[in-house]
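In: Show me the folded form of this:
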Amino acid sequence: MDTATTSTLSSTRSIERIVQGVATSDGAGVSLTRVLTGKLQRRLDPFLMLDAFGSDDPDEYIAGFPEHPHRGFETITYMLHGRMRHRDSAGHEGLLENGGMQWMIAGRGAIHSEIPEQEEGLMEGFQLWLNLPTANKMAAPWYKDFPTSEIPEYRTPDGVTVRVIAGSSNGVAGAMTREVTEPLYLDIHLPAGANFATAIPSTHNAFIYVYRGAVQVGDTRVEVQRMGILANSPGADGLALTASEDARLILVAGKPLNEPIVQYGPFVMNTQEEIHQALDDYRNGRFA
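Out: Below you'll find the model as predicted:
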């Protein structure tokens, strides 16, 4: 457990909007909730998508995500519970388990699969898509698994446990950093009655997603399975929140790219011509 400093904020961000995710399925029929959809990509730039999945019914997850391509962005898969085997066209293979995280830079092209390695029990977690800047969209693919032991954690005097997946919070550096988009990704566990605060750069778009209990941000209560988009308020230098009951949530923030977003399924580029090229490259075996 790392030693943290205590954030003193001059002004906290407020909740601009509450979003309820859309129930859907993906892969070979995996049930999930799409929290960040295409309609929010511009508002929450550089983030493209957030899926939340959680079920103890194997029929809702067992088929997993067979081989599929990506180009032009990064995927961050964070497992709360369960076991998922990753394989990709660059020869990488890894097992993602409870509390672990997988970071993949698709870059110019990767084909991968994500298949559960369990036949029963709870499968729960998130997949976040982070856009790549124009200059890096055709970079070489890259991949790394982070077991739970490699994700830094700290505990506040209020008994709040914070896992720092990316970025930095209260003086604790996370498992990953990215230079251009500067993502912050926290998993925050609050006991009832606890307060929590952390700095967020004023340049960043940000949101929270509550997956247990409920939290209070200023005058707004954010219930379980709801996203709260944080307002880009002038002068606000972070987020302060309170839990009236035991609660868990993720906090995600990043510096917008302010570049064109053209998406066709698993390809995210800047122009239609680049999408056509991605399709041609995939169909002709030119991915990694």
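
In: all strands for the stretch 151-288 of the chain, in order.
Out: Chain-ordered strands for the stretch 151-288 of the chain, with DSSP state E, counting those that start in this stretch as the definition, fall at 153-155, 161-166, 168-169, 172-173, 184-190, 195-199, 205-212, 215-217, 220-222, 226-230, 238-242, 247-254, 262-264, 267-269.

In: So which other helices or strands are in contact with the third one?
Out: For strand 168-169, the helices and strands in contact under the criterion 3 or more CB pairs under 8 Å, 6 or more residues apart in numbering; DSSP states H and E are strand 184-190. Backbone N, C-alpha and C define where each C-beta goes, glycine included.

In: The strand it packs on - contacts with which helices or strands?
Out: strand 73-81, strand 161-166, strand 168-169, strand 195-199, strand 247-254.

In: one more time with 7 Å
Out: Contacts defined by 3 or more CB pairs under 7 Å, 6 or more residues apart in numbering; DSSP states H and E place strand 184-190 against strand 161-166, strand 247-254.

In: circling back: would a markdown table of the strands of the stretch 151-288 of the chain with mean neighbour count be doable?
Out: Written out in a markdown table, the entries for the strands of the stretch 151-288 of the chain read as follows (neighbours: other CB atoms under 10 Å):
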| stretch | mean neighbour count |
| --- | --- |
| strand 153-155 | 16 |
| strand 161-166 | 23 |
| strand 168-169 | 22 |
| strand 172-173 | 16 |
| strand 184-190 | 23 |
| strand 195-199 | 20 |
| strand 205-212 | 21 |
| strand 215-217 | 21 |
| strand 220-222 | 17 |
| strand 226-230 | 23 |
| strand 238-242 | 22 |
| strand 247-254 | 25 |
| strand 262-264 | 15 |
| strand 267-269 | 23 |
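
In: what's around K144, how many residues?
Out: When neighbours are defined as other CB atoms under 10 Å, K144 has 14 of them.

In: how close does the residue nearest to the spatial centre of the chain get to L184?
Out: With distances taken as CA atoms, centre = their mean, L128 lies nearest the centre of the chain, 3.3 Å away. When distance is defined by CB to CB, to the nearest Å, L128 is 12 Å away from L184.

In: joint contacts of those two?
Out: Counting by CB atoms under 7 Å, 6 or more residues apart in numbering, the common neighbours of L128 and L184 are V252.

In: Could I get the full set of helices for the chain?
Out: When secondary structure is read from DSSP state H, the chain shows helices at 272-283.

In: pLDDT weak spots in it?
Out: Within the chain, the set of residues satisfying pLDDT under 70 comprises 288.

In: and with 90 instead?
Out: Across the chain, residues meeting the criterion (pLDDT under 90) sit at 1-10, 25-30, 58-59, 61-65, 86-95, 112, 115-120, 244, 286-288.

In: now the helices and strands packed on strand 184-190 in JSON lines, with distance to G54?
Out: Putting the helices and strands packed on strand 184-190 into JSON lines (distance: least, CB to CB, whole Å) gives the following:
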{"stretch": "strand 161-166", "distance to G54": "17"}
{"stretch": "strand 247-254", "distance to G54": "12"}
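
In: closest one to M138 among those strands?
Out: Across the helices and strands packed on strand 184-190, the minimum distance to M138, taken as CB to CB, is reached by strand 247-254, at 20.7 Å.

In: Please identify the buried residues of stretch 68-82?
Out: Along stretch 68-82, these residues count as buried under the neighbour rule (16 or more other CB atoms under 10 Å): 68-80, 82.

In: ok, Y264 to G193 distance?
Out: Here the distance between Y264 and G193 works out to 47 Å (CB to CB).

In: can you check E150 too?
Out: As defined by CB to CB, E150 lies at a distance of 31 Å from G193.

In: about what we covered before: tell me which of the strands of the stretch 151-288 of the chain sits nearest to A106.
Out: Of all the strands of the stretch 151-288 of the chain, it is strand 267-269 that lies closest to A106, at 8.8 Å by CB to CB.
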